[in-house]
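# Pasting the sequence and the predicted model now:
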2 protein chains.
Amino acid sequence: MQTLSQLHTIFQTYLEENKFNFSPKELYEPIDYILSLGGKRLRPLLVLMSYDLFKDDVEAALPAAFSVEIFHNFSLLHDDIMDEAPLRRGQATVHTKYDINTGILSGDVMLIYTYKYLMQLATNSNLAEIINVFNQVAVDVCEGQQFDMNFEKRDNVAIDEYINMISLKTASLVAGAMKMGALIAGASAEDAEHAYEFGRNVGIAFQLQDDILDTFGDPQKFGKKVGGDIVQNKKTYLVLKSLEVADAEVSEKLSQQMVTKTTDEVSKIETVRGIFESLNVRELAEGVKQGYQKTAFEHLNSIQVTDERKQTLKQLATELLEREV
Amino acid sequence: MQTLSQLHTIFQTYLEENKFNFSPKELYEPIDYILSLGGKRLRPLLVLMSYDLFKDDVEAALPAAFSVEIFHNFSLLHDDIMDEAPLRRGQATVHTKYDINTGILSGDVMLIYTYKYLMQLATNSNLAEIINVFNQVAVDVCEGQQFDMNFEKRDNVAIDEYINMISLKTASLVAGAMKMGALIAGASAEDAEHAYEFGRNVGIAFQLQDDILDTFGDPQKFGKKVGGDIVQNKKTYLVLKSLEVADAEVSEKLSQQMVTKTTDEVSKIETVRGIFESLNVRELAEGVKQGYQKTAFEHLNSIQVTDERKQTLKQLATELLEREV
């Protein structure tokens, strides 16, 4: 068994050893660039941690962990083009630093490389199932992104639809990372499914927490600009729940705010946050988030390995989901 | 053994039975659209014909044939965005009919579906090798596209570099289609390699012929506007060979034409064609093309099956490569 910090070091070393220093450099350099922007490496670490539940030689899961990290960054790269985002982790996005064509084509080749790395597991007896899980996750992420873009143009998005969207766009890859790690280690079908559901529920809880922190977080600790979702008129859980529980007058007031492009961001954030507070949607969101978190831990508890082997995962999930608001 | 026309019918039926009528329709409808634009279905037919060299039940190769056709159309879709092309096969390109974001995301999900269809071969004992061949082809196509874009900005492209570019961008997928069909049928490693080299050489010969026909073809028979490459200043084999063999004066005259955006297309086409004729580059290009064609047929001849089984492939390759100029 390895600590989170040990796994992080193992993964970072693998990342350094697998640079895309191929020709033509116009195609491959942007891949090294986006992978170098950092981030928590959460998804690849989950592949390793899930493997580590069942077996000790985590190195065997490194190609799949890297594959998942490449896929995640591929989806960020293409999403940033679609969202016209200038910055990613405080640095220029690929299409800003290079150009849009580079962003499209480098992203495409990243997606192909996710499969090249998966094929390093060719001798694993679960190969077909591992690729099938990955394929479904990859499709889910694209569908989630499409639903997210569709929701921007709609004003009647239901809570169920929103949960389905974040389940596809965010939680599926977390779930798939867990299941892939388990399958590579040769876990039973039942344990692999519990690993998947742990990841899926953690992923949904994490996104709900992100919605809450974006509006109510401590600017010192959150890392992103607090109130950003409100300024961008994003249909988060807080907004959709408000529209569900508010009376006609408050609902109309919120809807008005949601179509406004304002120069007075501070006042807009204050107004919308005031509506959320009057409707108690922060507490409602916290409750729903805690429900997913509880379900996640039930699935982790059901996996047939010793409690000791689950410690790293429990610690990480707790840290992730109980960040101070 | 099946005739080309029978194989075409089998493939079209499979295509009809495998519509992308999934949700969200904004993501999947563009895929059915681009696949419905037609084309010769050359690459999937090569998968089936290659399989048919070795075994009779070509239906077993249909998922791989479809995978190759989806991949080809994915690459067209993203290339059309990069080239800002308004039309594809006389119809609006996906990003013109819908929008660029749709084009990017629908293309992404197509690329994932190529692997979903390949995984229908999960019980094939050559599965890993089939996916490895496909991965390499897919990477080749992206690298070829990048080299092609790089060449637009360079004025010193060598003939070798050009042949390498079309080998990656065009010939690799033809080669891979042949090799995949052979591997699915359980052909020997040697026969699979001959199938690959047959496809690769046919692909290069085909692209060289396309370069020749674009300038010297019969407008009635060519299907595209004759002289289009000249108007677009494309660095085809004819241009690069001319720059190699011309004296300083003619070379300068051609280079001048290549940086000009003209409104008098007819006169520009006439001038450049005149340079080609004075340098005999058409004949030089024909000679090189015939060399690749000859090598292709040598590889086909080397495959250890009866001549009878090779008839359909021979007939198709001959028709493709001896279109009247």
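Arrived safely. The model shown is predicted, which means the values in this text are computed figures rather than measured ones. Residues are numbered from 1 along each chain as shown, chains lettered A, B, ... in the order given.
# Quick one: residues contacting A:G199.
Shown in contact with A:G199 (Cβ atoms under 8 Å, 6 or more residues apart in numbering or on different chains): A:46, A:50, A:171, A:174-179, A:296. (Glycine included, C-beta is placed from N, CA and C.)
# and the residue nearest the centre of chain A, how far is that from A:Y113?
In chain A, the centroid-proximal residue (Cα atoms, centre = their mean) is A:T170; its distance is 4.1 Å. Distance of A:T170 to A:Y113, given as Cβ to Cβ, to the nearest Å: 22 Å.
# what about the closest residue to the residue nearest to the centre of chain A other than its chain neighbours, how many neighbours?
The shortest distance from A:T170 to any non-neighbouring residue, by Cβ to Cβ, 6 or more residues apart in numbering or on different chains, is to A:Q207 (4.8 Å). Counted with other Cβ atoms under 10 Å in any protein chain shown, the neighbours of A:Q207 add up to 23.
# how far away is A:Q207 from A:I34?
Distance from A:Q207 to A:I34, by Cβ to Cβ: 22 Å.
# go on, A:K289?
From A:K289 to A:I34 the distance is 30 Å (Cβ to Cβ).
# A:T123 now?
Taken as Cβ to Cβ, the span from A:T123 to A:I34 is 30 Å.
# Comparing these two, which residue is more hemmed in?
A:I34 (24 against 7).
# Torsion angles phi and psi at that one?
Backbone geometry at A:I34, expressed as degrees, to the nearest 10, gives phi -70, psi -40.
# number of nearby residues for the residue nearest to it when sequence neighbours are not counted?
With sequence-adjacent residues excluded and distances taken as Cβ to Cβ, 6+ apart, A:I34 is closest to A:N73, at 5.0 Å. When neighbours are defined as other Cβ under 10 Å, A:N73 has 22 of them.
# Mind checking what helix or strand follows the helix or strand harbouring A:N73 in sequence?
For A:N73, the host element (DSSP states H and E) is helix A:62-82. On the C-terminal side of helix A:62-82, the nearest following helix or strand under DSSP H and E is strand A:87-88.
# hang on, the residue nearest to A:T170 packs against A:S172?
No - A:Q207 lies out of contact with A:S172 (Cβ atoms under 8 Å); the separation is 11.4 Å.
# Go through whichever strand or helix holds A:E277 and flag the buried ones.
Element membership of A:E277 [criterion: DSSP H and E] is helix A:265-278. For helix A:265-278, a neighbour-count test (16 or more other Cβ atoms under 10 Å in any protein chain shown) marks A:268-269, A:271-273, A:275-276 as buried.
# Output the below-cut-off pLDDT ranges for chain A.
For chain A, the stretches with pLDDT under 70 are A:222-223, A:324-325.
# Quick check: residues of it near chain B?
A:23-24, A:26-27, A:78, A:81-82, A:101, A:104-105, A:107-109, A:111-113, A:115-116, A:119, A:122, A:127-128, A:131-132, A:135, A:138-139, A:142-143, A:145-147, A:149-150 (Cβ under 8 Å from any Cβ of the partner chain).
# check contacts around the residue nearest to A:T170.
Shown in contact with A:Q207 (Cβ under 8 Å, 6+ apart): A:166, A:170-171.
# Among those, which ones are in strands?
If you go by DSSP state E, those have nothing in strands.
# Need those in JSON lines (columns: distance to B:L238).
Below are those laid out as JSON lines (distance: Cβ to Cβ, whole Å):
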{"residue": "A:I166", "distance to B:L238": "54"}
{"residue": "A:T170", "distance to B:L238": "52"}
{"residue": "A:A171", "distance to B:L238": "54"}
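# wait, which of those residues is closest to chain B?
If you rank the contacts of A:Q207 by distance to chain B using Cβ to the nearest Cβ, A:I166 comes first, at 14.8 Å.
# one step back: just the buried ones from the residues of chain A next to chain B?
For the residues of chain A next to chain B, buried by 16+ other Cβ under 10 Å: A:24, A:26-27, A:78, A:81-82, A:101, A:104-105, A:107-109, A:111-113, A:115-116, A:119, A:127, A:131-132, A:135, A:138-139, A:142-143, A:145-147, A:149-150.
# Enumerate every residue touching the residue nearest to A:I269 when sequence neighbours are not counted.
Distances taken as Cβ to Cβ, 6+ apart put A:G227 closest to A:I269, at 3.8 Å, once the chain neighbours are dropped. Applying Cβ under 8 Å, 6+ apart to A:G227 gives the contacts A:214-215, A:265, A:269, A:273.
# now the strands for the stretch 1-150 of chain A?
Here the stretch 1-150 of chain A has its strands, by DSSP state E, counting those that start in this stretch, at A:87-88, A:91-92.
# ok, the first one: who's next to it in the sheet?
For strand A:87-88, the paired strands and their directions (DSSP bridges) read strand A:91-92 (antiparallel).
# tell me the contacts of A:F297?
Counted by Cβ under 8 Å, 6+ apart, A:F297 has contacts A:198, A:314, A:317.
# from those residues, which single one is nearest chain B?
A:F198 (24.2 Å).
# Would you indicate which residues of the helix or strand containing the closest one are buried?
A:F198 is part of helix A:189-216, with elements assigned from DSSP H and E. Within helix A:189-216, the residues that count as buried by 16+ other Cβ under 10 Å are A:191-216.
# And the next helix or strand past it?
helix A:219-222.
# Return the alpha-carbon coordinates of that following helix using CSV.
C-alpha atoms of helix A:219-222 as CSV (Å, rounded to 0.1, in the frame of the first residue of the first chain):
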residue,chain,number,x,y,z
PRO,A,219,-12.0,33.7,-1.7
GLN,A,220,-8.7,32.9,0.0
LYS,A,221,-9.3,29.2,-0.1
PHE,A,222,-11.4,28.6,-3.3
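# what's next to the next helix or strand after that helix, contact-wise?
Per DSSP H and E, the first helix or strand lying C-terminal to helix A:219-222 is helix A:228-231. Applying Cβ under 8 Å, 6+ apart, the contact partners of helix A:228-231 are A:211, A:214-215, A:236, A:238, A:257, A:262, A:265, A:268-269, A:272-273.
# From these, pick the one nearest A:A60.
A:D211 (36.5 Å; Cβ to Cβ).
# Leaving aside the residues adjacent along the chain, what's closest to the closest one?
A:T236 (4.1 Å).
# got the contact list for the closest residue to A:G144 other than its chain neighbours?
Of all residues not flanking A:G144 in the chain, A:K169 sits nearest, at 2.7 Å (Cβ to Cβ, 6+ apart). A:K169 sits next to A:140-141, A:144-145, A:147-148 when contact means Cβ under 8 Å, 6+ apart.
# can you rerun that using 10 Å?
A:75, A:79, A:140-148, A:203, A:207 (Cβ atoms under 10 Å, 6 or more residues apart in numbering or on different chains).
# State the pair within those that is farthest apart.
A:Q146 and A:G203 (18.1 Å).
# And for the one helix or strand A:Q256 maps to, what's in contact with it?
A:Q256 is part of helix A:248-258, with elements assigned from DSSP H and E. Outside helix A:248-258, the residues that touch it by Cβ under 10 Å, 6+ apart are A:155, A:230, A:233-235, A:239, A:242-246, A:268-269, A:271-272, A:274-276, A:278-279.
# Identify each buried residue in it, please.
Buried residues in helix A:248-258, counted by 16+ other Cβ under 10 Å: A:251, A:253-254, A:257-258.
# Out of those, which comes closest to chain B?
Closest to chain B, out of all of the buried residues of helix A:248-258 and judged by Cβ to the nearest Cβ, is A:M258, at 21.4 Å.
# if we can go back for a sec, what about dumping the CA coordinates of the helix holding A:N73 to PDB?
Taking only C-alpha atoms (Å, rounded to 0.1, in the frame of the first residue of the first chain), the coordinates of helix A:62-82 have been written out as PDB:
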ATOM      1  CA  LEU A  62       0.400   3.600 -14.800                       C
ATOM      2  CA  PRO A  63      -0.400   3.400 -18.600                       C
ATOM      3  CA  ALA A  64      -4.200   3.500 -17.800                       C
ATOM      4  CA  ALA A  65      -3.700   6.300 -15.300                       C
ATOM      5  CA  PHE A  66      -1.800   8.300 -17.900                       C
ATOM      6  CA  SER A  67      -4.500   7.500 -20.500                       C
ATOM      7  CA  VAL A  68      -7.200   8.900 -18.200                       C
ATOM      8  CA  GLU A  69      -5.100  12.100 -17.600                       C
ATOM      9  CA  ILE A  70      -4.500  12.500 -21.300                       C
ATOM     10  CA  PHE A  71      -8.300  12.100 -21.900                       C
ATOM     11  CA  HIS A  72      -9.100  14.600 -19.200                       C
ATOM     12  CA  ASN A  73      -6.800  17.200 -20.700                       C
ATOM     13  CA  PHE A  74      -8.000  16.400 -24.200                       C
ATOM     14  CA  SER A  75     -11.600  17.200 -23.100                       C
ATOM     15  CA  LEU A  76     -10.400  20.400 -21.300                       C
ATOM     16  CA  LEU A  77      -8.500  21.500 -24.500                       C
ATOM     17  CA  HIS A  78     -11.500  21.000 -26.800                       C
ATOM     18  CA  ASP A  79     -14.000  22.500 -24.200                       C
ATOM     19  CA  ASP A  80     -11.800  25.600 -23.900                       C
ATOM     20  CA  ILE A  81     -12.100  26.100 -27.700                       C
ATOM     21  CA  MET A  82     -15.800  25.700 -27.500                       C
END
